[in-house]
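J.: got a sequence here, can you build the structure:
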Amino acid sequence: MPRQMNERQMTHAKATRSAPPVRRRGVILYVTLIVVMMAGLLAAGLSFFVQSQSAGSAAGTRSAEAMEAARSGVNLAIAELLNPARDPKLDLTDNPDLFRGVLVSDGGQVQWRFSLVHAIDRDDKTTAYGIADESGKLSLSGATAEQLMRLPGMTPEIADAIIDWRDTNDEPRPLGAERDYYEQLDNPYSPNNSGLFQSVDELLLVRGVTAQLLYGEDMNRNGLLDPNENDGDQSLPLDNADGKLDRGWYPYLTVYAFDNGQTAAGQQRVDINGSGQGLSRSLTGRGISKELADFIVKARQAGVTFANTADLVGFDEAVKVNGKDQQLTSPLATGHLDELPRVLEELTAGSGRGGRGGLRSGTVNPSAASRVVLMAVGFNEAEADAAASARANLAPADRNNYAWLLTQGVLSVERFRELAPALRGGGKQYRIESVGYSEQLGLYRRIEVVVDVSQGNSRTLYFRDLTDLGPAYVLTGDLEGGKGRSER
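T.: This next block holds a predicted model:
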């Protein structure tokens, strides 16, 4: 029979069941503290997430605003290039009034502006505010080995390798490299062999070409000798601290410039190697004098084939016209060169040896070319210096062709005719570098675009975001001296 508990035992048993154990009470307290702490962390994390999302959204907005400011600069440049009513005297190459610090958006405390900037090769200044004519550069797709050899730091081995890289055969030049070389590398690849380079940076794939040769010391591509580009090995890029900027080959080369055989007005040039009754009418219809038109027709009847329109200058040869000996003298001669600008603009020797009609990419525009490029196409040092000095005073309209090299006394008639096959007038491909920035925020975006306007509209050939290279140029306010921070 079960033993009955006395009153004292029953009281103790009730007390024992009603009082929670001490250990269980501690566990509950610990769990409660953990829950409270986790709730606090969750709240803090949520708060941080909201704040970071808000900051990220603001940063994204600022980045978009900076980019839109930069794109506004590109749009303005294109509008000016395509403006049929643009004053021909308006200089788009260096025009601070038009292209520097242009206000895009005024939000009161924050303003967004843009500047169009590019480096120029002049003694009195190195930075211009405007648009760069791509036709002033040497074409990688058309340059000869001799022209390449005149670039600073070029070697015969690299020049031959560049030609081999682009040509359409697998036969290496004497010092070059073709498919056999590239396909035996540890990381093999094939040469271009299409006849055309796709970009200047593609040179880095060519045997012997290094980043130092291509880009030099100009780390931010502004054409200015910045402190970090003149301190030896103290900071990147590595340089020789000689007080002179090595810009490499990049600023002197292009793959985008070409001549489509059209005048500035968009008409096909008249071929002076044409024939038939309509040749004279075609010439005079373009404003060519009857005297010069008659000379060209007689020369063609005598079997003369002009290699270049520049051959019209100073032509004085004995020929047979209708079976009779005749001295044929061009009215274009020293002292009578007023017609030369129109001749170079309206005419071509497209069907002749070395003719300039059709799509040509191996010629340069001396009105926009640097000393380095002028010397690459055959100018001697004195001629390059004289050209740089003379064109500084040219009216914008006079830069449309290269007649000024003769009319301004930069070249003799003989040298003019000798160099003419490598020369051309102004192009229709332009490089636009735009920096969108806010002085108040110290933020910027920097972009580079190449456009072609040869067909009466704008076609983008190249786009690159250069923001990571820095603002590079002296703007205003917080960005002065190349300072400021990008907003990506």
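J.: domain assignment for the chain?
T.: For the chain, the structural domains run 62-134+428-486, 138-254, 270-422, going by automatic domain parsing.
J.: for Gly261, which of these is the nearest?
T.: Nearest of these to Gly261, taken as C-beta to C-beta: domain 270-422 at 4.7 Å. All C-beta spots, glycine's among them, are computed from the backbone N, C-alpha and C.
J.: average pLDDT for that closest one?
T.: For domain 270-422, the mean pLDDT works out to 88.
J.: follow-up on the earlier one: tabulate the domains of the chain (TSV), appending distance to Gln262 and mean neighbour count.
T.: Listed next are the domains of the chain as TSV, based on distance: least, C-beta to C-beta, whole Å; neighbours: other C-beta atoms under 10 Å:
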stretch	distance to Gln262	mean neighbour count
domain 62-134+428-486	7	18
domain 138-254	18	17
domain 270-422	10	18
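J.: can you add distance to Gly261 and give those domains back as TSV?
T.: TSV is the format used below for the domains of the chain (distance: least, C-beta to C-beta, whole Å):
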stretch	distance to Gly261
domain 62-134+428-486	10
domain 138-254	15
domain 270-422	5
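J.: residue boundaries of the helices in the stretch 351-488 of the chain?
T.: 371-376, 381-391, 404-407, 413-419 (DSSP state H, counting those that start in this stretch).
J.: how about the longest one as PDB, C-alpha atoms only?
T.: By that I understand helix 381-391. Taking C-alpha atoms only, helix 381-391 is exported to PDB below (Å, rounded to 0.1, in the frame of the first residue of the first chain):
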ATOM      1  CA  GLU A 381      62.900  69.600 -89.500                       C
ATOM      2  CA  ALA A 382      63.100  73.100 -90.900                       C
ATOM      3  CA  GLU A 383      60.000  72.500 -93.100                       C
ATOM      4  CA  ALA A 384      58.000  71.100 -90.200                       C
ATOM      5  CA  ASP A 385      58.900  74.000 -88.000                       C
ATOM      6  CA  ALA A 386      58.000  76.500 -90.800                       C
ATOM      7  CA  ALA A 387      54.600  74.700 -91.300                       C
ATOM      8  CA  ALA A 388      53.800  74.800 -87.600                       C
ATOM      9  CA  SER A 389      54.600  78.500 -87.500                       C
ATOM     10  CA  ALA A 390      52.600  79.400 -90.700                       C
ATOM     11  CA  ARG A 391      49.400  77.500 -89.800                       C
END
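J.: please name every helix or strand in contact with it.
T.: helix 371-376, helix 404-407 (3 or more C-beta pairs under 8 Å, 6 or more residues apart in numbering; DSSP states H and E).
J.: what does the last one rub up against?
T.: In this case it means helix 404-407. Around helix 404-407, the neighbours that count as contacts under C-beta atoms under 8 Å, 6 or more residues apart in numbering are 313, 337, 340-341, 366-367, 387, 390-391, 394, 398, 410-411, 413, 416, 419, 423.
J.: so what's Leu245 up against?
T.: 216-218, 223-225, 229-230.
J.: all strands of the stretch 51-200 of the chain, in order?
T.: 102-106, 111-116, 118-119, 127-128, 132-133, 138-139 (DSSP state E, counting those that start in this stretch).
J.: pull the contacting residues for Leu82.
T.: 453, 456-458.
J.: distance of Leu224 relative to Gln301?
T.: 57 Å (C-beta to C-beta, to the nearest Å).
J.: ditto for Ile447
T.: With distances taken as C-beta to C-beta, Ile447 is found 55 Å from Gln301.
J.: same check on Asp121?
T.: Between Asp121 and Gln301 the computed distance is 45 Å (C-beta to C-beta).
J.: before we move on, what about Ser370?
T.: Distance from Ser370 to Gln301, by C-beta to C-beta: 43 Å.
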